[in-house]
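A.B. asks: Quick one, fold the following:
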Amino acid sequence: MSKDVFANHRTNTVIIIVLITLFISVIYIPKTIWDYEAKLRDESRFRMNTMSLAERLHYQLVKSYTTDSEQLVRVVNSVRDSLLVAKNDSSYSYYGMHKIPLAGKSIPVNYSDEYLDLYRKLHLDLFKILEPSHHTNPQSVYQILDTIKTRFEEGNFVGEQTLEVDSIPLSFIVSDKFDILYQNITTAMFNYLTTSYTKYPEFSNPLVHAVMDSIAKNPNLSGRTDFAGIYDGPVRIDFIIPSNFKENLGTTLEAYKKLFVMDAYDSATYGDTLYDMALAEFLTLSDTLDYVPEKLNLIYTDTSNIKVKVPVDVKVQDMEAAISKRRNKLYTLLTGYSEPSAYIANYIINVAKDSLASPNAGMDSIHIDVDLTNAIFNINIHKNIAELFYKVNLEQAYYKTQVNLRDLDWEQAAMDVVESVASSLQRKSDFKNWQTVEAESDTFYVNIPDKFLRMYDNMNMALFEKLSGVPNNIHDFTYKVVSEAQRLANVDTLDWRGAQVIEFEPDTILVDVFPTFLSEYDTTFTIARDTVVQIGDSSFTGVWFRNKVGVIHEMAYDSLIFLTSTLNSRYKYNFHGTDSVASINIIEKSDTSRVEKVFYGMETYIMTFGEDSLLENLYRITDMYADYDSIQIDSLSVVSDEFISGSLEKDLFTVKDSFGGWQDTTIDKKYVKRQLYRHYNLVEEHSRCAVTNIPFRITVRNNVNLTIESPITAPIEKSRYLFFSQVDSSHGRIADGEESWLK
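C.D. replies: The predicted structure is shown next:
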């Protein structure tokens, strides 16, 4: 009889506890790992931002960025330390130009055969990326390609081949589709000459050969030139009838109507009907006569059944241009390309018209054979057509055939060319795409990709790690070490193999220290945080004098019709008697009664009222003070409306000459959100990734384009808690101040 394990209560309890623990672990541990990953990511991004800020300070001091993080930290902190010392010594100043010493470096290396093999291999790999081809003159390029074509047509001339052209032994790779590469030259030239396209050699080749032969016979040939009689039969042309072709047939004819000239009376009387008749008559005549007629005679029958003869003139030159433009538009609509010849365009358009009733119109491709025996091509011969033909030969076939010297020392050429291209790129950023590079072994055409410098930097960093045994992400420094190792190894008098030390002498860097550097350092390396604080603030209510106005006390109230007499020698204001009324806030000395300004005739008055809205005083405003017999002279002060300010702004008001005075004070408790800052110092730790402890990759191009990026190029996976993994991926980059993680 089997024993029931789960009958034991203690066993069940243990199992339950284990399961609960596992359940909690599955939930809690991944979150802990994720939080730690996020913490490392945020720390690395913070450090990258710190290095970006430090680079700005370095640029202000040195007028350039640096890829050396050690130099960056040393320069920025040395200036800060020197300024702090000068700050405490009144007899010492540290502003202006100064030299900062940089430490010398000793780099232990092992220059082994394995390293040299890697050096050659990496240069050769990068050399092949450049797609090198032997540089030769245009005539030789065409001769080489033509010779290869002849051998190719004879058969079994595919793959790696050799040939001697003009006593120069060459090696190259012949594609099994070399005939297509060679044909692409003529096809591309046909495109350039006609702005059209064809995939059929029997169409493109005769025209291109005729043009090139004519240029060979007459190198000065240029301008519009007719070519005829170059075909001895039909050629194939593809087109598709689009669904809107029929609509375009009609709408494109509307442009013709603008080129008919008729009497203004006829045009106004018969309107669009007359233009429709002119268009129909014009199309009939032009199709019949095969040229553009100069005049049309229309017979119009009006509503009274009277026939009217209407003469119409045609703008012949403009009409010919309009016909050509319409023909090209319709041909382009059918084929996707400009018309190569009016003869071909008319032929295809007529076929398309006849095919409109076909159920396949607008769906399937149509191809027809067109007899071009009588076709005429009008080609614009540019003066640089020979250079264009040479360029097409290179790009379409020569580069792809990889023609090079047969006995080329590939390893030496690779080292020479790669170093030469890198040096040129570092001096000028536009040294891209196909360029000519001279090396000791030969002169090459090379195709330089946009990211060549980055690949070159990667190569030097890999060589540095092989040479020294430690990784380094400062590409300028690794290049310097690798280059120095090669220089020393090439010195004939030295046996520079095995364990060696590369010494770099101490150097100095010139800085221009500006007066505000300390404050900029403090405000640069800060961490902002928001906080809410309670403050006790006082609110003050006051007034502000604007200016003074001169007034004359007016006694003859009865003469003013806008005042009405009341009991007790009081007056009431009647605004209907005034020209206009405007309210103004005015006090007389300490009086704060309600005041209004009145415009009456050419005069301006100020009236003050009591609580019962009855007039208390009346003044006439004058532009200057004067003495008048038996007339009282006084002045009024014009002040602002009431305003309220806090304690921080109070002093700003009281120092003003026009400040009037405070009227009230209120104590308030306020809660405000303030951004506080915690300062930190730049340290070497900020230059390194929080995960790998490898320095960030700092790249400077053209001395103005700065990039700081994470050294993690592939996800790093670490085992955590036996069953779980921590995965750290690239933390992004900062390129020209733009943070990739904010996109």
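A.B. asks: what's stretch 468-481 in contact with?
C.D. replies: 67-69, 107-110, 457, 460-461, 463-465, 467, 502, 504, 694-699, 711 (CB atoms under 8 Å, 6 or more residues apart in numbering). Heads up, the C-betas are built off the backbone N, CA and C, glycines and all.
A.B. asks: Buried ones only from the residues you listed, please, as a PyMOL command.
C.D. replies: A single PyMOL command suffices to select whichever of those are buried according to 16 or more other CB atoms under 10 Å:
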select buried, resi 67+68+69+107+109+457+460+461+463+464+467+502+694+695+696+697+698+699+711
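A.B. asks: Which stretches in the stretch 301-450 of the chain count as helices?
C.D. replies: With DSSP state H, counting those that start in this stretch, the ranges of helices along the stretch 301-450 of the chain come out as 316-335, 342-354, 385-393, 399-401, 410-427.
A.B. asks: contacts for stretch 116-124?
C.D. replies: If you take CB under 8 Å, 6+ apart as the criterion, stretch 116-124 is touched by 410-411, 414-415, 418-419, 459, 462-463, 466, 482, 486, 489.
A.B. asks: If burial is judged by neighbour count, which of the residues you listed pass?
C.D. replies: Judged by neighbour count, with 16+ other CB under 10 Å as the criterion, the buried members of the contacts of stretch 116-124 are Trp410, Ala414, Met415, Val418, Glu419, Met459, Ala462, Leu463, Lys466, Val482, Gln486, Ala489.
A.B. asks: Quick check: the fourth one touching Asp125?
C.D. replies: No - at 9.4 Å, Val418 and Asp125 do not qualify as touching, with contact defined as CB atoms under 8 Å.
A.B. asks: Show me the common contact partners of the two, please.
C.D. replies: Contact criterion CB under 8 Å, 6+ apart; no residue bridges Val418 and Asp125 by contacting each.
A.B. asks: what's the closest of the contacts of stretch 116-124 to Ala103?
C.D. replies: When the contacts of stretch 116-124 are compared for distance to Ala103, the smallest value, 20.4 Å, is given by Val482; criterion: CB to CB.
A.B. asks: The closest one reaches Leu463, doesn't it?
C.D. replies: Yes - here Val482 reaches Leu463: they are 4.8 Å apart, a contact under CB under 8 Å.
A.B. asks: what separates Val312 from Gln183, distance-wise?
C.D. replies: When distances are taken as CB to CB, to the nearest Å, Val312 and Gln183 turn out to be 51 Å apart.
A.B. asks: Looking at the two, which is more packed in?
C.D. replies: Val312 (21 against 18; other CB atoms under 10 Å).
A.B. asks: Who is that one paired with across the strands?
C.D. replies: Legend: beta-bridge partners of Val312 under DSSP bridges are Leu296.
A.B. asks: looking at the helices of the stretch 301-450 of the chain, which is closest to Leu563?
C.D. replies: Across the helices of the stretch 301-450 of the chain, Leu563 has its closest neighbour in helix 316-335 (82.0 Å, CB to CB).
A.B. asks: Please identify the buried residues of that closest one?
C.D. replies: Of the residues in helix 316-335, Met319, Ala322, Ile323, Arg326, Arg327, Asn328, Lys329, Leu330, Tyr331, Leu333, Leu334, Thr335 count as buried by neighbour count, 16+ other CB under 10 Å.
A.B. asks: ok, Ser429 - contacts?
C.D. replies: Ser429 neighbours (CB under 8 Å, 6+ apart): Arg701, Asn702.
A.B. asks: Outline the domain layout of the chain.
C.D. replies: The chain breaks down into these domains under automatic domain parsing: 7-82+680-742, 105-135+430-504, 138-233+379-401, 245-353, 534-643.
A.B. asks: Kindly reformat these as TSV containing mean pLDDT.
C.D. replies: Output for the domains of the chain, formatted as TSV (pLDDT from 0 to 100):
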stretch	mean pLDDT
domain 7-82+680-742	85
domain 105-135+430-504	92
domain 138-233+379-401	91
domain 245-353	85
domain 534-643	61
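A.B. asks: residues of stretch 267-279 that come out buried?
C.D. replies: By 16+ other CB under 10 Å, the buried positions in stretch 267-279 come out as Ser267, Tyr270, Leu274, Tyr275, Met277, Ala278, Leu279.
A.B. asks: relative to helix 316-335, how tilted is the host helix or strand of the last one?
C.D. replies: Per DSSP states H and E: Leu279 is located in helix 264-289. For the pair helix 264-289 and helix 316-335, the angle between their directions (axes from the mean of the first three to the mean of the last three CA atoms, to 10 degrees) equals 60 degrees.
A.B. asks: For helix 264-289, what is the distance to the chain centroid?
C.D. replies: With CA atoms, centre = their mean, to the nearest Å as the basis, the distance from the averaged C-alpha position of helix 264-289 to the chain average is 53 Å.
A.B. asks: Quick one: list the elements packing against that helix.
C.D. replies: Counting contacts by 3 or more CB pairs under 8 Å, 6 or more residues apart in numbering; DSSP states H and E, helix 264-289 packs against helix 254-257, strand 260-261, strand 295-301, strand 307-314.
A.B. asks: Tell me who's in contact with Gly227.
C.D. replies: I think there's a mix-up here, since residue 227 is Phe and not Gly. Leu207, Ala210, Val211, Ser214, Ile376, Phe377, Asn378, Ile379.
A.B. asks: List buried residues within the residues you listed.
C.D. replies: Among the contacts of Phe227, those that count as buried by neighbour count (16+ other CB under 10 Å) are Leu207, Ala210, Val211, Phe377, Ile379.
A.B. asks: nearest to Ser423, of those?
C.D. replies: Scanning the buried ones among the contacts of Phe227 for proximity to Ser423, where the rule is CB to CB, the winner is Val211, at 41.7 Å.
A.B. asks: buried ones in the one helix or strand that closest one maps to?
C.D. replies: Using DSSP H and E, Val211 falls within helix 201-217. Neighbour counts over helix 201-217 (16+ other CB under 10 Å) mark Phe203, Ser204, Asn205, Pro206, Leu207, Val208, Ala210, Val211, Met212, Ile215 as buried.
A.B. asks: Please apply the same query to stretch 134-151.
C.D. replies: Of the residues in stretch 134-151, those buried by neighbour count under the rule 16+ other CB under 10 Å are His134, His135, Thr136, Ser140, Val141, Tyr142, Ile144, Leu145, Ile148, Lys149, Arg151.
A.B. asks: Closest to Glu395 out of these?
C.D. replies: Distance to Glu395, by CB to CB, is smallest for Val141 among those, at 10.9 Å.
A.B. asks: Assign a three-state SS to that closest one, would you?
C.D. replies: State at Val141, reduced to three classes by DSSP: H, G, I helix; E, B strand; the rest coil: helix.
A.B. asks: repeat for the one 4 residues further on
C.D. replies: Classification of Leu145 by three-state DSSP places it in helix.
A.B. asks: Next one: it from Asn184, what distance?
C.D. replies: Counting by CB to CB, the gap between Leu145 and Asn184 amounts to 11 Å.
A.B. asks: residues shared between the contacts of these two?
C.D. replies: Overlap between the contact sets of Leu145 and Asn184, as judged by CB under 8 Å, 6+ apart, is given by Ala397.
A.B. asks: could you give the angle of the helix holding Val211 to helix 342-354?
C.D. replies: Here helix 201-217 runs at an angle of 160 degrees relative to helix 342-354 (the same axes, to 10 degrees).
A.B. asks: ok, then the element right after helix 201-217?
C.D. replies: Elements were assigned by DSSP H and E; along the chain past helix 201-217, the next helix or strand is strand 223-228.
A.B. asks: Go through that following strand and flag the buried ones.
C.D. replies: So for strand 223-228, counting by 16+ other CB under 10 Å, buried means Thr225, Phe227.
A.B. asks: if we can go back for a sec, redo the buried residues of stretch 134-151 as JSON lines? Include distance to Tyr343.
C.D. replies: Written out in JSON lines, the entries for these read as follows (distance: CB to CB, whole Å):
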{"residue": "His134", "distance to Tyr343": "43"}
{"residue": "His135", "distance to Tyr343": "43"}
{"residue": "Thr136", "distance to Tyr343": "40"}
{"residue": "Ser140", "distance to Tyr343": "38"}
{"residue": "Val141", "distance to Tyr343": "34"}
{"residue": "Tyr142", "distance to Tyr343": "31"}
{"residue": "Ile144", "distance to Tyr343": "37"}
{"residue": "Leu145", "distance to Tyr343": "32"}
{"residue": "Ile148", "distance to Tyr343": "36"}
{"residue": "Lys149", "distance to Tyr343": "31"}
{"residue": "Arg151", "distance to Tyr343": "38"}
